[in-house]
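> The following block contains a protein sequence and its predicted model.
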Amino acid sequence: MAITYCSECNRKVSTKATACPHCGGPIEISEYEHEVRKISILRVILTLAIWSVIGFGIYKCTVYIAEYEPPPDKFSETHIDVDKALNTCREYVLLVANHPSSVNFQLRGGDLKRDKQGKTQIIMVFTAKNSFNMETKNKIICLFDKFSLIDTLITEIN
């Protein structure tokens, strides 16, 4: 903040003041100070405009993301629901296991394959105790049509 002198009372006054705080006389500012004030005001206006544009862009992106709906799954109409198929396959393993409490699925979801005829195949790896009470590593292949489980194959993996 620069200091100037009042033309009426000769006391020190800030160049930002428009009138002398002591006598109330007008403070004359130089042409340079006038230009500096103009530039400062333009900076503030420009900064507000830039932030407004940025804010509007962020708002529009947020609205677009919130309103976005992913395209429908191309298999949703012709194939069984994936979660239903995975759960049915796990339930089948627990149903046929010699020791259901020993079953441990090592893969979260397993492999999934779908064909054009509406068939869905799920392959899962799991461990379980066999009839000799020994833990073995196994693979199950579950085959589904659009509505239900139609075939399974369980094999031991070495």
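Yep, it's here. Residues are numbered from 1 along each chain as shown.
> Helix or strand: which one has residue 117?
According to DSSP states H and E, residue 117 maps onto no helix or strand at all.
> For it, give me the backbone phi and psi.
Residue 117 adopts backbone torsions of phi -90, psi 10, taken as degrees, to the nearest 10.
> Now for it, how many residues are close by?
The burial count assigned to residue 117 is 9, neighbours taken as other C-beta atoms under 10 Å. Every C-beta, even on glycine, is put in place using the N, C-alpha and C of the backbone.
> low-confidence ranges in this protein?
Counting by pLDDT under 70, the chain contains low-confidence residues at 1, 29, 63-76, 107-109.
> and if we set it to 50?
In the predicted model, the chain carries no residue with pLDDT under 50.
> where do the strands sit along it?
Applying DSSP state E to the chain gives strands spanning 3-5, 12-14, 104-105, 111-114, 120-129, 135-144, 149-157.
> what's the closest of those strands to residue 88?
Residue 88 lies closest, by C-beta to C-beta, to one member of those: strand 149-157, at 5.3 Å.
> looking at the strands of the chain, which is buried most?
strand 120-129 (a mean of 19; mean count of other C-beta atoms under 10 Å).
> Ok, which of the strands of the chain comes nearest residue 82?
Comparing the strands of the chain by their distance to residue 82 (C-beta to C-beta), the top pick is strand 111-114, with 6.5 Å.
> Return the alpha-carbon coordinates of that closest one using CSV.
Included here for strand 111-114 are C-alpha records, laid out as CSV according to Å, rounded to 0.1, in the frame of the first residue of the first chain:
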residue,chain,number,x,y,z
ASP,A,111,-14.2,-68.2,-16.2
LEU,A,112,-17.4,-67.3,-18.1
LYS,A,113,-18.2,-68.2,-21.7
ARG,A,114,-21.4,-67.5,-23.6
